[in-house]
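Undergrad: Here you go, sequence then predicted model.
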Amino acid sequence: MALRVTRCGIHAFHEVLGIDTDKIRFFWVLQSYLPDGQQTAYRVELSTSQSFNTLSWDSTKVEGNQQRNILCAPQGGFQSTTFHYWRVTVWDQDGNTSQSAINEFFTAYPRSSGLLPPYSMNQTYMPHTSLIFRTWFEDEANRWKGVWIGDNGDKPVYVRKAIHLDRKPSRAIVFASGLGHFNFVCNGDPSAANGHKLDPGWTNYHRTVQFTAYDISSMLQQGENVLGAHIGNGFYAGDQGDDRFFWPCYEDNTYVRYGNELCFFAELHLFYEDGSRETITTGPDWSIRKSATTLANIYSSETKDLRAYPHGWDTPGFNEDDQWKKATPVTGPRGKLKYQNQPPVVLHETFTPKTQKTLEPGIVAFDMGQNMTTMIKIQVQGPAGSEVIVRFSETVGDNGKVLMPDPLFKAFETGVFCKFTLAGTGIETWEPDFCFTSARYIQIEGVALESDKSCTLPTIVSLESRHISSAARRLGTMTTDKEDCNQLLNMCYWSFVSNLFSYHTDCPQIEKFGWLEVTHLLAPATQYIRDMESLYSKILDDIVDAQEPNGLCPTMAPEIRYMCGPLHDTITWGGAVALLPEILRFYYGTTQVFEKLFEPCVRYMEYIATKERDGGLIEHGLGDWGRDIAFGNNQANIETAIYYRCLRNIQGMAKELKKADQEQRFKAWADRIFAVYNKHLLVTEKKKYPYAFYTSRDAPGLQDRNMVAQAFALQFSLVPTEHIADIQAAFLADCSDAGNRIQAGEIGLKYLWNTLTDVDRPDLVLEMARQEEHPSYMRFLRRGETTLNEFWQDACRSKCHDMLGTIYEWFYEAVLGVKCETEAYRTWTVRPPLRSEFKHVKGDVECPYGKIEVEYERDGEVQGVKMKVTVPTSTTGYLLLPREESEVDVMRVQAEQNTVTEKGRRVALKPGRYELVLRP
């Protein structure tokens with residue numbers, strides 16, 4: 001078989017059990033052992049039958065090599081709550097066909113809007129028998145049927161429903177949502193939730209509420225079954241409790257809540273072998289009781305009394321006592337239901353303590369060795385009524401106790417903790433139900449170590465730190481022969497993955513907010529680590545929900561706290577609305593968000609236009625935030641460059657959407673900003689320096705020259721061609737004048753590394769990274785940090801921020817050398833790090849068409865360079881060499897293994913595995 005279909009999927013959907021849109025886009029991955037093996041045509045078939053005897057949609061045979069962004073929009077839409085099956089047939093260069101396995105997805109209610117109930121599905125208050133509501137309920141097949149239920153309270157609850165099945169269903173799919181978060185269970189088996197934690201994803205619940213879907217086909221049995229859920233507060237109904245921290249608090253100690261009643265709804269869709277089906281929903285026939293968890297605070301503060309836990313409540317045969325009441329139909333959230341398309345939050349690696357120490361009687365400290373987002377699991381044995389307190393920290397003081405270095409956030413020492421009370425039943429296990437945090441150190445109070453034989457306190461049997469993060473696919477790995485660089489790569493990795501949840505957090509410990517600058521600044525780095533397509537698609541929905549009537553896109557989404565001034569209105573943050581769609585197109589080959597995002601992007605640009613100064617400059621933002629903590633420099637250079645990039649991106653969106661008038665409008669708009677940028681910021685008379693350079697407007701009337709100003713102009717294609725060499729010279733001169741020290745905050749940092757990549761100066765990157773004093777990555781490492789700090793500080797309040805991690809992009813592009821060149825890596829380049837100190841580099845990345853692998857080895861002088869490169873099917877890799885006279889011996893391993901010698905700066909590598917010998 002010349003071509004083999006190895007993987008198929010639907011763009012922007014990590015899981016496919018609740019598709020709720022009438023337009024989807026397919027993709028597939030191919031593999032061939034032939035260097036010229038390629039797809040020349042395809043056909044996609046869609047059916048509601050696995051036999052494909054009737055088709056719901058048929059692309060028919062389409063000539064071409066397109067494997068991504070294949071639009072499927074059946075006439076009349078997809079059938080609601082129905083299994084759909086699709087397969088792709090591909091033709092290769094010789095006319096041979098190959099067919100994929102059958103792929104399945106299940107729909108929810110793609111058309112459940114308009115006259116159908118968009119908010120609460122509470123038929124108790126809106127009976128369909130009333131004529132005035134008839135139009136809301138007349139389309140039975142395409143509307144939600146479940147009812148939001150609760151107990152009219154804001155404390156965690158258990159809900160359950162015993163159902164009797166006369167026969168075992170062949171398939172069973174559950175749609176469910178519980179706010180703020182819920183843990184779903186079936187017949188006592190928590191795996192019913194498919195490993196999900198903290199469902200559903202965080203959104204602006206006034207606009208959107210996510211539901212999740214679970215396949216419990218194998219868990220249901222003939223006879224009695226139980227569906228259940230444990231519901232906690234999350235951000236929906238944040239609970240400070242009597243003695244805990246909750247942010248954001250305003251000056252009067254109040255805080256934002258989306259709702260005041262915890263609520264839950266579910267629909268169970270049952271399918272039988274004879275073709276019949278049945279739907280069971282939440283309603284007043286479900287039972288509810290208060291949870292043994294009496295406080296569920298998202299800021300890692302929970303309280304649980306293990307004595308009050310109703311063992312067996314989620315299993316068949318459980319007898320409900322008088323604490324169980326009938327559930328109350330409640331109004332529910334205001335937002336419309338939307339499928340949780342982003343990857344769920346799941347548990348990953350487990351760590352055991354590196355060290356443990358009794359600090360004083362009853363207080364034991366553990367060092368887990370790695371700072372990361374965690375849901376710990378602890379086992380304790382002790383008498384009934386014993387209280388155990390768990391505190392979390394990224395830093396410890398000289399006395400070994402948890403420490404918050406920032407005096408403004410001392411509440412994290414005293415007001416963030418979990419407390420549980422033992423039932424005295426032997427070895428008891430506690431783990432948080434609804435909260436997570438970032439921590440390396442765990443401090444447990446009211447306990448002793450098992451080795452302390454003289455102590456009468458409860459003893460700790462075991463402790464685990466379980467990393468929690470997005471389930472997005474892991475894509476890449478990389479190592480070098482420099483141990484400090486490997487440590488830095490590891491530090492960046494743990495910082496990145498510890499900030500990926502149902503949104504991109506700006507830190508998982510203190511704020512847990514969805515600040516938006518990290519989404520686009522870190523996208524080129526993060527796409528080497530995890531598949532971010534569906535998460536970015538969800539974040540764009542969050543931005544649209546947060547957009548204000550005047551078009552402003554605020555700095556965070558979801559926006560749980562209203563910030564003031566530039567902390568609310570900064571294009572480097574809000575511009576993600578126009579930057580992320582292009583990132584999705586370039587790295588993932590999909591335009592599925594363009595239609596939905598175009599108008600919000602236009603509205604945002606029209607808002608930003610009202611802030612123009614001097615004909616087009618934007619200067620009202622945060623500048624290079626993080627430079628000297630919050631320096632605010634280079635506003636005109638940074639904000640205007642982002643404005644320009646947004647306009648060009650919208651121009652491209654208009655072209656894709658065939659909006660010719662808008663394409664021309666945004667082209668002219670961007671051309672105007674280009675001219676204004678250079679009119680006011682480019683200095684060409686060469687009086688101060690023997691080259692042109694870009695100045696900031698930080699000191700009116702004075703011309704300065706800094707590395708960030710040059711880098712932004714270069715990286716945003718704002719430099720007229722005739723001045724590029726000058727601006728690169730100005731950039732390098734400023735680096736030299738700064739003693740090759742980083743002079744950039746989190747915004748400028750990425751473009752600093754990008755420019756050093758372009759001028760091929762890895763020596764400067766490593767010199768900057770290895771400085772003894774801040775700014776310095778290696779200073780973090782020398783101080784024992786395992787994740788990145790928020791700022792270039794030693795005693796930093798937050799030590800798990802990822803925005804300084806843009807150097808990870810440099811490692812992949814300039815050290816491993818792999819860089820996307822055209823959409824979705826259809827063509828990509830590999831540039832060996834010939835001018836660097838590295839003698840051995842090895843890594844890989846799973847690009848949208850398959851796995852790219854690179855190994856670089858240099859023995860002494862540059863002339864002894866060997867490489868191994870794997871080029872995935874459907875792509876072309878280009879080896880970049882320094883001179884036209886450069887030579888490379890190329891041997892394709894899978895073929896006859898003949899060696900050919902190629903010459904030049906750019907050598908094409910067709911799909912296959914190669915061993916190369918370079919003579920650069």
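TA: Happy to help now that I have it. Numbering: from 1, shown residues only.

Undergrad: The residue nearest to residue 291 when sequence neighbours are not counted: neighbouring residues, count only.
TA: Nearest residue to residue 291, sequence neighbours excluded (C-beta to C-beta, 6 or more residues apart in numbering): residue 156, at 3.7 Å. C-beta: built from backbone N, CA, C; applies to glycine. The tally of other residues near residue 156 (other C-beta atoms under 10 Å) stands at 26.

Undergrad: wait, what's in contact with residue 156?
TA: By C-beta atoms under 8 Å, 6 or more residues apart in numbering, the residues touching residue 156 are 230-233, 262, 290-291, 293-296, 433-434.

Undergrad: just checking, which of those residues belong to helices?
TA: Using DSSP state H, the subset of these located in helices is empty.

Undergrad: Redo those as JSON lines? Include pLDDT and distance to residue 562.
TA: Putting those into JSON lines (pLDDT from 0 to 100; distance: C-beta to C-beta, whole Å) gives the following:
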{"residue": "230", "pLDDT": "98", "distance to residue 562": "32"}
{"residue": "231", "pLDDT": "98", "distance to residue 562": "27"}
{"residue": "232", "pLDDT": "98", "distance to residue 562": "25"}
{"residue": "233", "pLDDT": "96", "distance to residue 562": "21"}
{"residue": "262", "pLDDT": "97", "distance to residue 562": "24"}
{"residue": "290", "pLDDT": "98", "distance to residue 562": "33"}
{"residue": "291", "pLDDT": "98", "distance to residue 562": "32"}
{"residue": "293", "pLDDT": "98", "distance to residue 562": "30"}
{"residue": "294", "pLDDT": "98", "distance to residue 562": "30"}
{"residue": "295", "pLDDT": "97", "distance to residue 562": "26"}
{"residue": "296", "pLDDT": "97", "distance to residue 562": "25"}
{"residue": "433", "pLDDT": "96", "distance to residue 562": "30"}
{"residue": "434", "pLDDT": "97", "distance to residue 562": "25"}
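
Undergrad: how about a markdown table for the residues you listed, with neighbour count and distance to residue 215 added?
TA: Compiled in a markdown table, the contacts of residue 156 are given as follows (neighbours: other C-beta atoms under 10 Å; distance: C-beta to C-beta, whole Å):
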| residue | neighbour count | distance to residue 215 |
| --- | --- | --- |
| 230 | 25 | 20 |
| 231 | 31 | 21 |
| 232 | 29 | 24 |
| 233 | 27 | 28 |
| 262 | 31 | 26 |
| 290 | 17 | 30 |
| 291 | 24 | 26 |
| 293 | 25 | 27 |
| 294 | 16 | 33 |
| 295 | 23 | 33 |
| 296 | 29 | 27 |
| 433 | 21 | 23 |
| 434 | 25 | 24 |
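
Undergrad: Check the residues you listed and tell me the two furthest apart.
TA: The distance between the two most remote of the contacts of residue 156 (C-beta to C-beta) is 14.8 Å, for 290 and 434.

Undergrad: Who are the contact partners of residue 262?
TA: Shown in contact with residue 262 (C-beta under 8 Å, 6+ apart): 150-151, 153-157, 178-180, 231-233, 236-237.

Undergrad: change it to 6 Å
TA: Residues counted as contacts of residue 262 (C-beta atoms under 6 Å, 6 or more residues apart in numbering) are 150, 154, 231.

Undergrad: Could you check the pLDDT of the residue nearest to residue 291?
TA: With respect to pLDDT, residue 156 scores 98.

Undergrad: Low-confidence ranges, this structure, go.
TA: The chain contains residues with pLDDT under 70 at 1, 114-130, 132-133, 135-137, 248-255, 630, 861-863, 895.

Undergrad: let's go with 80 and repeat that
TA: 1-2, 113-139, 247-256, 453-454, 561-562, 628-632, 860-863, 894-897 (pLDDT under 80).

Undergrad: Which residue would you name as the spatial centre of it?
TA: In the chain, the C-alpha nearest the mean C-alpha coordinate belongs to residue 500, at 4.2 Å (C-alpha atoms, centre = their mean).

Undergrad: show me what contacts that residue?
TA: Neighbouring residues of residue 500 by C-beta under 6 Å, 6+ apart: 469-470.

Undergrad: The longest strand anywhere in the chain: how far from the chain's middle?
TA: What stands out as the longest strand in the chain, according to DSSP state E, is strand 363-381. Here strand 363-381 is found 25 Å from its chain centre; the criterion is C-alpha atoms, centre = their mean, to the nearest Å.

Undergrad: That strand - contacts with which helices or strands?
TA: strand 355-360, strand 427-430, strand 437-445, strand 459-470 (3 or more C-beta pairs under 6 Å, 6 or more residues apart in numbering; DSSP states H and E).

Undergrad: out of those strands, deepest packed?
TA: Highest mean neighbour count among the helices and strands packed on strand 363-381 (mean count of other C-beta atoms under 10 Å): strand 437-445, with a mean of 24.

Undergrad: before we move on, the earlier item: what residues of the next helix or strand after the longest strand of the chain count as buried?
TA: Downstream of strand 363-381, the first helix or strand assigned by DSSP states H and E is strand 387-393. Neighbour counts using 16 or more other C-beta atoms under 10 Å place 388-393 of strand 387-393 among the buried residues.

Undergrad: can you list these in a markdown table and add distance to residue 719?
TA: Below are the buried residues of strand 387-393 laid out as a markdown table (distance: C-beta to C-beta, whole Å):
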| residue | distance to residue 719 |
| --- | --- |
| 388 | 61 |
| 389 | 58 |
| 390 | 54 |
| 391 | 52 |
| 392 | 47 |
| 393 | 46 |
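
Undergrad: Out of these, flag the one nearest to residue 587.
TA: The shortest approach to residue 587 among those belongs to residue 392, at 34.4 Å (C-beta to C-beta).

Undergrad: how much space between the closest one and residue 436?
TA: 10 Å (C-beta to C-beta, to the nearest Å).

Undergrad: Likewise for residue 321?
TA: From residue 321 to residue 436 the distance is 32 Å (C-beta to C-beta).

Undergrad: again with residue 190
TA: Noted for residue 190: a distance of 17 Å to residue 436, by C-beta to C-beta.

Undergrad: With neighbour numbers in mind, choose between those two.
TA: residue 436 (27 against 14).

Undergrad: In this structure the more buried one contacts residue 375, no?
TA: Yes. Residue 436 lies in contact with residue 375 (C-beta atoms under 6 Å); the separation is 5.3 Å.
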